[in-house]
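>>> One predicted model, sequence on top.
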Amino acid sequence: MKKLTLVFLVLALAVSAEERPAAKYFGGITLVDQNGRSIDLYKDLMADHTVVINSFFASCAGGCPVMSHTLAAAQTKFAERMGKELVIISISVDPATDTPARLRQYAKQVGAKDGWYFLTGTKEQVDFALKKLGQATAVREDHMNIFIVGNERTGLWKKGFALAKPEEIAELVRTVLDDGKTDSR
């Protein structure tokens, strides 16, 4: 009897990716990555991953270089998990200027590796995505210096100040990435 109950409990907890809250909330958002590929934000990047999301623009001389440095440090710290368990998503708040070619150049400049996506699209697509993330802005220089870190599998989502020390951001990412694991160290 206990074994049968356990099987039903496991089946009840095993919700398909399409039924998860993030799928319903982020489903249908299509953007373009630095390589010109059409990307479904949820299906291609979020589903079954932990994500670190920020907004930026490539010509920024303020907080964006600091955020990119912090994300580069995180990608190095979690190198063996990048693109498998962990995905970094940087969404441009300046889609008119930040074309895929410009984002590809920026990705190279900041040392982005596989698993770090720079996204753009039409103004309407980008605005819709940023609004869903609580990061919409009318003026590109007013974008938020916040990282959103979410574990889509467990439903744990946190925000962090993107100008914090890289090791503090890495610890935030680790806690979300390892959420639900019995030994998170």
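On my side now, so go ahead. Residues are numbered from 1 along each chain as shown.
>>> which regions of the chain sit below the pLDDT cut-off?
Scanning the chain for pLDDT under 70 picks out the ranges 1-18, 182-185.
>>> OK, contacts around residue 92?
55, 56, 57, 58, 98, 103, 118, 119, 120, 126 (C-beta atoms under 8 Å, 6 or more residues apart in numbering). (Each C-beta comes from the backbone N, C-alpha and C, glycine too.)
>>> Sort out which one of those residues lies nearest residue 147 for me.
The nearest member of those to residue 147, counting by C-beta to C-beta, is residue 55 at 9.8 Å.
>>> So the closest one lies in a helix, does it not?
No. Applying DSSP: H, G, I helix; E, B strand; the rest coil, one finds residue 55 to be strand, outside a helix.
>>> beta partners of it?
Here residue 55 sits in beta bridges with residue 91, going by DSSP bridges.
>>> This structure: strands as residue ranges?
Using DSSP state E, the strands assigned to the chain run over residues 30-33, 38-40, 50-56, 86-92, 116-120, 146-151, 156-161.
>>> Throw these into TSV and include distance to residue 179, thanks.
Listed next are these as TSV, based on distance: least, C-beta to C-beta, whole Å:
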stretch	distance to residue 179
strand 30-33	26
strand 38-40	24
strand 50-56	8
strand 86-92	12
strand 116-120	21
strand 146-151	5
strand 156-161	4
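>>> and of those, who's closest to residue 71?
When the strands of the chain are compared by C-beta to C-beta, strand 86-92 sits nearest residue 71, at 5.5 Å.
>>> how many neighbours does residue 66 have?
Residue 66 has 15 neighbours, counted by other C-beta atoms under 10 Å.
>>> CA atoms of stretch 137-146 as PDB?
Output in PDB follows, covering the C-alpha atoms of stretch 137-146 (Å, rounded to 0.1, in the frame of the first residue of the first chain):
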ATOM      1  CA  THR A 137      11.300  50.900 -19.300                       C
ATOM      2  CA  ALA A 138      10.400  53.700 -21.700                       C
ATOM      3  CA  VAL A 139      14.000  55.100 -21.600                       C
ATOM      4  CA  ARG A 140      16.800  52.700 -22.100                       C
ATOM      5  CA  GLU A 141      19.100  54.400 -19.600                       C
ATOM      6  CA  ASP A 142      16.400  53.800 -16.900                       C
ATOM      7  CA  HIS A 143      16.600  50.000 -17.200                       C
ATOM      8  CA  MET A 144      16.900  48.000 -13.900                       C
ATOM      9  CA  ASN A 145      20.100  46.800 -12.400                       C
ATOM     10  CA  ILE A 146      18.400  43.700 -11.200                       C
END
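>>> Next, the buried residues of that stretch.
Under the neighbour-count criterion of 16 or more other C-beta atoms under 10 Å, stretch 137-146 has 140, 143, 144, 145, 146 buried.
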